[in-house]
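> pasted the sequence and its predicted model underneath.
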Amino acid sequence: MKKFLIASFFTMFLFQLHAQDGVPSKSVYLEVGGPGMPYSFNYDFRFDSENMNSWGMRIGAGGYTISEGESFFSLPIMANKLYGNGPHYFEFGMGMTFFAFNEDQNQYCLTGYYDQNSGQYICTTYEQYPFNFILDVDGSPSVMGMLNFGYRKVPVDGGFTWKVNINPLFNNNGFWPLFAGVGFGYAF
């Protein structure tokens, strides 16, 4: 299912690769860290396709499943603005990341007993502890606010693009100024 979603995401936008004239106002990229948290696949576009220094938007999806009972999904949505002349741009953005995780992974056994017949420890009372991704999170689903300050290189005629950014994040439990991300992709 995950492979199907990734393939669908890129197929949806790649048909425009050869139909685009002018500045490369769209891009698809993989970002490690950043607003998608562990990683995300993203689509970014300018609202004014003729002006790279205009406001734009990015939307992505990311997550992981390590084992049964431990999973995480993120959906970063941000407005952003580019400043500069091709191919070098300063990027400023703000938005939020919606995310969900399996809350079973955030339980620990408070009281229990050892069952002689089965040879197993049986837990009778569980306690939840907060999920933590840089900042404590109250539950799932949840949202985290994000800012974006970074550098983006977008070739004038399109092609391989990359970016590095600092992403301060915040929620009702605090603020963390030094979260970062790096992305690689294709501009068209």
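Structure's in. What do you need? Just so it is clear, the model here is predicted, and its values are computed rather than measured.
> helices of this protein, start to end?
Using DSSP state H, the helices of the chain run over 2-14.
> doesn't Pro177 make contact with Asn167?
No. Here Asn167 lies out of contact with Pro177, judged by Cβ atoms under 8 Å, at a distance of 9.3 Å. Backbone N, C-alpha and C define where each C-beta goes, glycine included.
> where are the low-confidence patches of this protein?
1-21, 68-69, 103-108, 110, 126-131 (pLDDT under 70).
> rewinding a little: who's more crowded, Asn167 and Pro177?
It is Asn167, of Asn167 and Pro177, that has more neighbours when counted by other Cβ atoms under 10 Å, with 25 against 10.
> pull the contacting residues for the nearest residue to that one once chain neighbours are set aside.
Closest residue in space to Asn167, ignoring its immediate chain neighbours: Phe179 at 4.7 Å, by Cβ to Cβ, 6 or more residues apart in numbering. Going by Cβ atoms under 8 Å, 6 or more residues apart in numbering, Phe179 touches 33-34, 134, 166-169.
> select only the buried ones of those in PyMOL?
In PyMOL syntax, the buried subset of the contacts of Phe179 is picked out as below (16 or more other Cβ atoms under 10 Å):
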select buried, resi 33+34+167+168+169
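> I'd like the contacts of Phe179 as a markdown table, with distance to Ser54 appended.
Shown next, in a markdown table, are the contacts of Phe179 (distance: Cβ to Cβ, whole Å):
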| residue | distance to Ser54 |
| --- | --- |
| Gly33 | 26 |
| Gly34 | 21 |
| Ile134 | 31 |
| Ile166 | 22 |
| Asn167 | 21 |
| Pro168 | 24 |
| Leu169 | 25 |
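> mind checking which of the contacts of Phe179 land in strands?
33, 166, 169 (DSSP state E).
> pull the contacting residues for the second one.
For Ile166, the contacting residues are 148-150, 177-180, taking Cβ under 8 Å, 6+ apart as the criterion.
> only the buried subset of those residues, as a ChimeraX command please.
Applied in ChimeraX, the following selects the buried portion of the contacts of Ile166 according to 16+ other Cβ under 10 Å:
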select :148,150,179
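> wait, which of the contacts of Ile166 is closest to Pro24?
Nearest to Pro24 out of the contacts of Ile166 is Gly150 (Cβ to Cβ; 17.6 Å).
> beta-bridge partners for that closest one, please?
Glu91, Asn165 (DSSP bridges).
> that one against Pro168, yeah?
No. With contact defined as Cβ under 8 Å, Gly150 does not count as touching Pro168 (11.5 Å).
> quick check, central residue of the protein?
Nearest to the mean C-alpha position of the chain, by Cα atoms, centre = their mean, lies Gly36 at 0.9 Å.
> tell me which residues in stretch 30-40 are buried?
30-31, 33-37, 39-40.
> ranges for the strands of the chain?
Counting by DSSP E, the strands of the chain are 26-33, 39-46, 55-67, 70-85, 88-101, 107-115, 120-128, 131-133, 135-137, 142-153, 159-166, 169-171, 174-176, 180-187.
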